[in-house]
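Q: the following block contains a protein sequence and its predicted model.
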Amino acid sequence: MKSLMSLWSKIAEESAIQCCTSASHDINTVMARVEDEGLSFLTITLPSLGKATQKWLDQGKAGLHSSFLTERGGSLPRFLGGFFSRVFDRGSGVLLDDPCIDSIQAIRQLTLMFGKMELRCTPEREHKAIQKYVECEQEVRSSDAELEERDLLEFVSMSDLLFGSLFSKIDRDIYYGNILPGHGPGSTADGLTGNRKFNQAVWTDRLQSVFPVGDFTIPNWRFNLELEKVSFLEPGSEVPVKVTLVPKTLKTPRVIAMEPTCMQYMQQGILRSFLGHLEGDNFLSRVIGIRDQVPNQELALRGSVDNQTATLDLSDASDRVSNQLVRSMVHRWPHFSAALDATRSRRAVLPDGRVIRLAKYASMGSALCFPVEAMVFLTMVFVGIQRSLNTPLNRHAINSYVDSVRVYGDDLIVPTRHVLGVVQSLELFGARVGLDKSFWTGKFRESCGREYFNGHDVSITRVRQALPTHRQDVTGVVSTVSLRNQLYLSGFWKASSWLDDYIRGIIKYFPNVAPTSPVLGRISFLGYQAERTHPYLHSPLVKGYVTEAKPPLDHLEGSGALLKCLLKLDTAASLRGKVPWQQPGTDSVSSEPTPWEKPPMVSSDHLERSGRPKSINMKLRWSSPF
């Protein structure tokens, strides 16, 4: 707690110098309130003021905040008053004609920097998050029941216009068996991890009707005797997704759901097909983001200047995507529709043991959650635009919005002139717009982790982990080194200097390095400083700590080992364009590389070690500073 307070004080003092004001009273206020309220003041109360300030910037006028006193005879908070007075008028609270950009960024930095620390919540807050998850299910069912048929028909018509060609290509891939499944490194509901996933002996009847087990779980039909070990589960006996909580902030945890191994396996296959065809679509690849957040950020930056685009944020986005909507979207493509239904888990088991039936398409944790919600939200956006225009949209009209509409998960960019229609459309189909994080009135915009005001980047550096107290806290050390370097690059040189001393008290060796160096070190505009030369390569070396994380031991042999190798080779070869890929329904052969991801790195010991590392270690060694 003291180290976090010291860091806040250093940043406050440096910000005050940059903004030609004083922060001494603010530092005393924070020290007193942290002593009374504890860590929650830094992680909950201060961020609430930061979020309120963002809305004030958007609305053009400061308001009242229940946790902070207002200046006597004025309209601004007394806390950080020196900064606020350079942004808003002291008397009326109206946004100044030429507000100080440095002060805006300082207010955001000082209020929001601890807002997303990955800390364990209290049991009461965890229970509340689970209860909200259950209530969300009821709200999805209510939304489905209240949706009128004409609204659903309009939604389906718009979806056909947007995704008809894409769905047809995925449908053909599924029909001709051109699906390449895969296992991820994460945990699953049935407890299989690492290499054990390749010896899975459970399949569902629903999967079998679309994806025969023999086509996907054995290397070839010479191993057909392995199929005798497979157990087939009827719909009522399927393993439900396992709802679990992971640290997000001290205010609320993140609720995710772990899928069964067989479901996740085939979800990855459908995802590959989706991404491959999406990247090949000139329109959809420009309005849906899957891996690249930069286009969203650029549109937000432009919107902060010309006010032509708005940024919208959705609350509980994935948990509010109705399965009814998804089924309606794809009902004209029987193979794709059957595949989505077969790879979707219908039930979830809660941490308290309760099992509930799901009305949502999928929770966060499904490989198809992110792309499916993107398609659903994009359809809602264009339905809203169509209603705002009060005229049907065609393909030509939709193409004109490639520079003003973009969806990346629950971060939406939409035209400002249609924002009210879009918000109404989103709410109509069950989504919930987070008005405290959506901006379209003033000059403030936020999207995909970057914030802008009138063309200026006012993004901040966030503290993700508590500062470490010993060298064995490797995660904390790595996070703190990253924090130090981010603050240095953001111009907080005194705060980064304070962190230099703090880090050296934890790890003795902390050399100057380049950003690309494997060594935990200091980034400096003066460059790295070599401490010795390699005896054979004659390249510069520095002495410092290098992190090392090995996957756990997990031996794999037999048909499972062969299957893993073939899947890796098939994936790598197809991505490099070395395997002829017959286009479904044609006689043509294409050698074009599949563009959705980089070729995977095949480790030489992947049959001995697999899965996510259980721990991370640091080793002191001589290594390259660049």
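A: Happy to help now that I have it. Residues are numbered from 1 along each chain as shown.
Q: just give the nearest non-adjacent residue to Ser187, would you?
A: Closest residue in space to Ser187, ignoring its immediate chain neighbours: Met258 at 5.4 Å, by C-beta to C-beta, 6 or more residues apart in numbering. Every C-beta, even on glycine, is put in place using the N, C-alpha and C of the backbone.
Q: count the neighbours of the one you found for me.
A: Close neighbours of Met258, defined as other C-beta atoms under 10 Å, add up to 24.
Q: show me what contacts it?
A: By C-beta atoms under 8 Å, 6 or more residues apart in numbering, Met258 lies in contact with Gly186, Ser187, Thr188, Ala189, Val241, Lys242, Thr244, Gly365.
Q: before we move on, what SS does the residue nearest to the first one when sequence neighbours are not counted have?
A: In this case it means Gly186. In space, Gly186 comes closest to Arg612 once its chain neighbours are excluded; the distance is 6.8 Å by C-beta to C-beta, 6+ apart. Assigned with DSSP: H, G, I helix; E, B strand; the rest coil, Arg612 falls in the coil class.
Q: from Ser482, how far off is Arg612?
A: According to C-beta to C-beta, to the nearest Å, Arg612 and Ser482 sit 20 Å apart.
Q: again, but for Val210
A: In terms of C-beta to C-beta, Val210 sits 44 Å off from Ser482.
Q: which of those two has more residues huddled nearby?
A: Counted by other C-beta under 10 Å, Val210 and Ser482 do not tie: Val210 has more neighbours, with 20 against 15.
Q: for the residue nearest to Gly186, give its distance to Pro185.
A: 5 Å.
Q: buried ones in stretch 386-401?
A: If you call a residue buried by 16 or more other C-beta atoms under 10 Å, then stretch 386-401 has these buried ones: Gln386, Arg387, Ser388, Leu393, Ile398, Tyr401.
Q: again with stretch 617-626
A: Of the residues in stretch 617-626, Met618, Ser623, Ser624, Pro625 count as buried by neighbour count, 16+ other C-beta under 10 Å.
Q: report the longest helix in the chain, please.
A: With secondary structure taken from DSSP state H, the chain has its longest helix at helix 149-175.
Q: give me the domain ranges for the chain.
A: Recorded structural domains for the chain (assignment: automatic domain parsing) are 2-115, 123-453, 474-552+617-623.
Q: and the last one, what's its mean pLDDT?
A: If you average the pLDDT over domain 474-552+617-623, you get 93.
Q: in space, what's closest to Val239 - neighbours in sequence excluded?
A: Nearest to Val239 is Pro260, by C-beta to C-beta, 6+ apart, at 4.3 Å.
Q: over to Ser337?
A: Val330 (4.3 Å).
Q: OK, contacts around the one you found?
A: Here Val330 is in contact with Phe167, Phe336, Ser337, Leu340 (C-beta under 8 Å, 6+ apart).
Q: out of these, who's nearest Ser315?
A: Leu340 (24.5 Å; C-beta to C-beta).
Q: how about a markdown table for the buried residues of stretch 617-626, with secondary structure and distance to Arg254 added?
A: Shown next, in a markdown table, are the buried residues of stretch 617-626 (DSSP: H, G, I helix; E, B strand; the rest coil; distance: C-beta to C-beta, whole Å):
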| residue | secondary structure | distance to Arg254 |
| --- | --- | --- |
| Met618 | strand | 27 |
| Ser623 | strand | 35 |
| Ser624 | coil | 36 |
| Pro625 | coil | 37 |
